[in-house]
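Peer 1: predicted model and sequence below, questions to follow.
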Amino acid sequence: MPSLDVCLTPELLSLFDLRGRVAVVVDILRATSSIVTALAAGVSHIVPLSELEECRAYASQGYLTAAERDGRQAPGFDLGNSPFGYLNEALPVRGRAVAITTTNGTRALQLSLAADAVIVGAFLNLNAVADFARQQQKDVVVVCAGWKGNFNLEDTVFAGALAELLAPDFDVTSSDATLAAHQLWQQAKPDLGGYLLQSSHVRRLNSLEANKDMDFCVRLNEYNLVPIWRNGQLVI
Ligand SMILES: O=C(O)[C@H](CS(=O)(=O)O)OP(=O)(O)O
Ligand SMILES: [Mg+2]
């Protein structure tokens, strides 16, 4: 039986052998929620990058550039890290390619590339991610982007939700991290948005935009797609 394990922060990835496994990279607030939304809105592909300057350089190739630092859109870029950036009629994204850099999410993606398949998870595409995992029939590691190397609630709760969906066909009892994620999800799921109000991310970004973003990012199964890493790009 395949197993589901949870890497609670990218800092712990050295303890995991991702070879032969599916890595589900998750950054609920907000990078992977934005990536899922962008591809659902018709973006052709997304290049996740670590540095602002390498992201900015993609503009000369016709890419839209998206960059976030300290929770805000970095100056001189087309987009920040809000999913609503891809739902804005004033900036049509259909058919466009996007280069993106964020504090945690794009880093977690870059650090997960040893896996057999690297896919992007969010509450917005939870069921689609579970279906993908079932089809693969390989061990799964949920890579939580966390915050600057630390554990966070929102990514861990997602891991618990995925564990609930995949049990009992996947072993979701093999690590304490998975058990803890599953238990947190049990607490969170009656009111996911309310539960995450106590999270450090929401306290950190206590602005109107961030509140609106959080309400969107906790919607379940808004999109039926799975972004997957192919040749340096995220595509569907
Ligand atoms: O833009 C976000 O929501 C966060 C900002 S912060 O580092 O958590 O303050 O970036 P992300 O890479 O999506 O976690
Ligand atoms: Mg985050």
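Peer 2: The structure has been received and is ready for your questions. Ligands and ions are numbered 1, 2, ... in the order given.
Peer 1: would you mind listing what in this structure touches ligand 1?
Peer 2: 27, 29-31, 68, 71, 81, 102-105, 145, 147, 201, 204 (C-beta under 6 Å from any ligand atom). Using the backbone N, CA and C atoms, a C-beta is placed for each residue, glycine as well.
Peer 1: between the residues you listed, which has the most around it?
Peer 2: Highest neighbour count within these: Asp27, with 32 neighbours (other C-beta atoms under 10 Å).
Peer 1: residues in contact with it?
Peer 2: When contacts are counted by C-beta atoms under 8 Å, 6 or more residues apart in numbering, Asp27 touches 33, 102, 104-105, 108, 144-145, 155.
Peer 1: also Pro83?
Peer 2: Taking C-beta under 8 Å, 6+ apart, one finds 30, 33-34, 36-38, 124, 213, 216-217 in contact with Pro83.
Peer 1: as TSV, these with secondary structure, pLDDT and distance to Thr9 would be great.
Peer 2: Putting the contacts of Pro83 into TSV (DSSP: H, G, I helix; E, B strand; the rest coil; pLDDT from 0 to 100; distance: C-beta to C-beta, whole Å) gives the following:
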residue	secondary structure	pLDDT	distance to Thr9
Arg30	coil	96	17
Ser33	helix	98	18
Ser34	helix	98	20
Val36	helix	98	21
Thr37	helix	98	24
Ala38	helix	98	25
Leu124	helix	99	22
Asp213	helix	92	22
Phe216	helix	96	24
Cys217	helix	97	19
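Peer 1: and those, which is closest to ligand 1?
Peer 2: Arg30 (3.9 Å; C-beta to the nearest ligand atom).
Peer 1: wait, isn't the closest one in contact with Cys217?
Peer 2: Yes - with contact defined as C-beta atoms under 8 Å, Arg30 reaches Cys217; the gap is 5.9 Å.
Peer 1: specify the beta-bridge partners of Val140.
Peer 2: Leu4, Val22 (DSSP bridges).
Peer 1: does it touch Asp171 like I think?
Peer 2: No - Val140 lies out of contact with Asp171 (C-beta under 8 Å); the separation is 10.3 Å.
Peer 1: joint contacts of the two?
Peer 2: With C-beta under 8 Å, 6+ apart, Val140 and Asp171 have common neighbours 2-4.
Peer 1: if we can go back for a sec, Val140 and Asp171: which has the busier surroundings?
Peer 2: Neighbours were counted for Val140 and for Asp171 using other C-beta under 10 Å; Val140 has more, 30 against 17.
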